[in-house]
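1. Starting from these lines, generate the structure:
(one chain, ligands or ions: 1)
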Amino acid sequence: MEPGAGQRPSVFELPKVELHVHLDGAIKPETILHFGKKRGIPLPADTVEDLLPHISYSEPLTLTQFLAKFDIYMPAVAGDRDAVRRIAYEFVEMKANEGVIYVEVRYSPHFLANCKVYPVPWNQNEGNLTPDEVVNLVNQGLQDGERDFNIKARSILCCMRHMPSWSLEVVELCKKYHNNTVVAIDLAGDELVAETFPEHRQAYEEAERCGIHRTAHAGEIGSPLVIKEAINVLKAERLGHGYHVLEDPSLYKELLDRKMHFETCPRSSILTGACDPDYKKHPVIQFMKDKANYSLNTDDPLIFNSTIETDYKIAKQFLGFTEEEFKRVNINAAQSSFLPNKEKRELLSKLYEAYGMDPDNLF
Ligand SMILES: O=c1[nH]cnc2c1ncn2[C@H]1C[C@H](O)[C@@H](CO)O1
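-> From the prediction side, this is the model:
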């Protein structure tokens, strides 16, 4: 229900920060259909209503089964300049409508390219859109969106666990486009695929050397060992998901002491099989109790048929999330964002003001 005149809006409607969302998991179904039709790329349906049941789902699968969902629709947009720019632009619009004022969106430039990428993904024919140009186009889409929708959007470039041969180019792209929307490097994909390949390690080493921020998917479905590797070897400053840290109490304590940021994604965590579907056992409950540094995020809202509100609703309804915690979590997210310090302070000031808080007297 909309609040009536003079009524205070719910705290949950106040400005939010989102740090973990995949661009290729946040495409409008209309846009997939538009480019599928325009480019003659077959899709399993030709209306949004009929397409969505193929892509999005609401009962837990495994992470591997979840990742296979991308195969259905990525061929419609990958390799097309207009599509890449448009999905970035529409992403910013979508987040602005959800009340997000700062977002870090991640993607693999290689997954949207069809040239200078081996193998060419999604069974595309070779074309002439390189990973480098993909980053340029996403940047343009994000910047156009920032201007039109009055929010701040930054990007994170993903290495993919199963594609070590792409990783050194990913870090080079992070360097080339550093602070031209790109703020960090990530390692995504199936954590159980293999140990972290040397190329990923080299890419992260180079990122650290060049002052590029680092996050990594770790402990989503993988064990605490993957987390240890992410922080000790990859020198990750934040963890994508990180739920399974709770299986190693001494590691958990160390990360609490270090104020490590966990990018949690409640709906995703159930639907990818990362966490027990019994919400009473959800790691966010423990994170909340321990005042851990974590954020709430959508991850792949197209596939999970969700918005950021869905994740906050889950937290509120099933995890005991309060209004106070809402403010704490978003302030933590802003503090753990990969913005330069001056911009981080500006973002924090906006939140303090929106939340009616005195920055000198917090929690
Ligand atoms: O939740 C996830 N875990 C690991 N990898 C993921 C997740 N969501 C998306 N990805 C992968 C699939 C995308 O194509 C890629 C880059 O955004 O990252």
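2. So which residues on the stretch 1-150 of the chain come close to the ligand?
-> 22, 24-25, 67, 70, 106-108, 111 (C-beta under 6 Å from any ligand atom). Every C-beta, even on glycine, is put in place using the N, C-alpha and C of the backbone.
3. Now, those that are in helices?
-> Counted as lying in helices by DSSP state H, out of those, are 67, 70.
4. Confirm Gly240 sits in a strand?
-> Yes. Remark: Gly240 belongs to a strand, assigned using DSSP: H, G, I helix; E, B strand; the rest coil.
5. pLDDT and neighbour count added to the residues of the stretch 1-150 of the chain next to the ligand, as CSV?
-> CSV is the format used below for these (pLDDT from 0 to 100; neighbours: other C-beta atoms under 10 Å):
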residue, pLDDT, neighbour count
His22, 98, 26
Asp24, 98, 23
Gly25, 98, 22
Leu67, 95, 18
Phe70, 98, 20
Arg106, 99, 25
Tyr107, 98, 26
Ser108, 98, 24
Phe111, 98, 23
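6. Leu339 and Leu347, how far apart?
-> With the distance defined as C-beta to C-beta, to the nearest Å, Leu339 ends up 6 Å from Leu347.
7. For the closest residue in space to Tyr73 that isn't next to it in sequence, list the residues it contacts.
-> In this structure, Tyr73 finds its nearest non-sequential neighbour in Ile32, 4.7 Å apart by C-beta to C-beta, 6 or more residues apart in numbering. Residues counted as contacts of Ile32 (C-beta atoms under 8 Å, 6 or more residues apart in numbering) are 43, 51, 55, 73, 76-77.
8. Which stretches in the stretch 101-250 of the chain count as strands?
-> If DSSP state E, counting those that start in this stretch is used as the criterion, the strands of the stretch 101-250 of the chain fall at 152-160, 182-188, 213-218, 238-241.
9. Which neighbours in the sheet does the shortest one have, and how are they oriented?
-> Counting by DSSP bridges, the strands paired with strand 238-241 are strand 213-218 (parallel), strand 261-264 (parallel).
10. circling back to that earlier point, let me know the helix or strand that the residue nearest to Tyr73 is in.
-> For Ile32, the host element (DSSP states H and E) is helix 29-39.
11. Now the very next helix or strand once past that helix - C-alpha only, CSV.
-> The helix or strand immediately downstream of helix 29-39 is helix 48-55, counting by DSSP H and E. Presented in CSV, the C-alpha positions along helix 48-55 are these (Å, rounded to 0.1, in the frame of the first residue of the first chain):
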residue,chain,number,x,y,z
VAL,A,48,7.4,-12.3,-22.0
GLU,A,49,4.7,-14.4,-20.4
ASP,A,50,5.8,-17.5,-22.2
LEU,A,51,9.6,-16.8,-22.0
LEU,A,52,9.8,-16.2,-18.3
PRO,A,53,9.0,-19.8,-17.2
HIS,A,54,12.0,-21.0,-19.3
ILE,A,55,14.4,-18.5,-17.6
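12. buried sites along helix 48-55?
-> Going by neighbour count (16 or more other C-beta atoms under 10 Å), the buried part of helix 48-55 is 51, 55.
13. Now Ile308, what are its backbone angles?
-> Backbone torsions for Ile308, taken as degrees, to the nearest 10, come to phi -60, psi -30.
14. show me what contacts it?
-> Applying C-beta under 8 Å, 6+ apart to Ile308 gives the contacts 16, 18, 95, 98-100, 296-298, 301.
15. could I get these as JSON lines with neighbour count?
-> Formatted as JSON lines, those follow (neighbours: other C-beta atoms under 10 Å):
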{"residue": "Lys16", "neighbour count": "27"}
{"residue": "Glu18", "neighbour count": "27"}
{"residue": "Lys95", "neighbour count": "26"}
{"residue": "Glu98", "neighbour count": "18"}
{"residue": "Gly99", "neighbour count": "19"}
{"residue": "Val100", "neighbour count": "24"}
{"residue": "Leu296", "neighbour count": "27"}
{"residue": "Asn297", "neighbour count": "28"}
{"residue": "Thr298", "neighbour count": "29"}
{"residue": "Pro301", "neighbour count": "26"}
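16. And these, which is closest to Glu309?
-> Taking C-beta to C-beta as the measure, Glu309 lies nearest Glu98 of these, at 6.6 Å.
17. Next one: that closest one relative to the ligand, how far apart?
-> 18 Å (C-beta to the nearest ligand atom, to the nearest Å).
18. so what's that residue up against?
-> Per C-beta under 8 Å, 6+ apart, neighbours of Glu98: 16, 307-309.
19. Equivalent analysis for Thr47, please.
-> Listed by C-beta under 8 Å, 6+ apart, the contact set of Thr47 reads Leu33.
20. Before we move on, what's the pLDDT of it?
-> You'll see Thr47 listed with a pLDDT of 98.
21. do the same with the one 3 residues further on
-> As summarised for this prediction, Asp50 has a pLDDT of 98.
22. For the closest residue to Phe197 other than its chain neighbours, give me the pLDDT.
-> Spatial nearest neighbour of Phe197, excluding adjacent residues (C-beta to C-beta, 6+ apart): Pro164 at 3.6 Å. Pro164 carries a pLDDT value of 96.
23. could we number from 37 for the rest of this?
-> Understood, numbering begins at 37; the last thing we discussed is Pro200.
24. ok so, going back, and which of the contacts of Ile68 is nearest Met296?
-> Minimum distance to Met296 across those is 32.8 Å, recorded for Ile91 (C-beta to C-beta).
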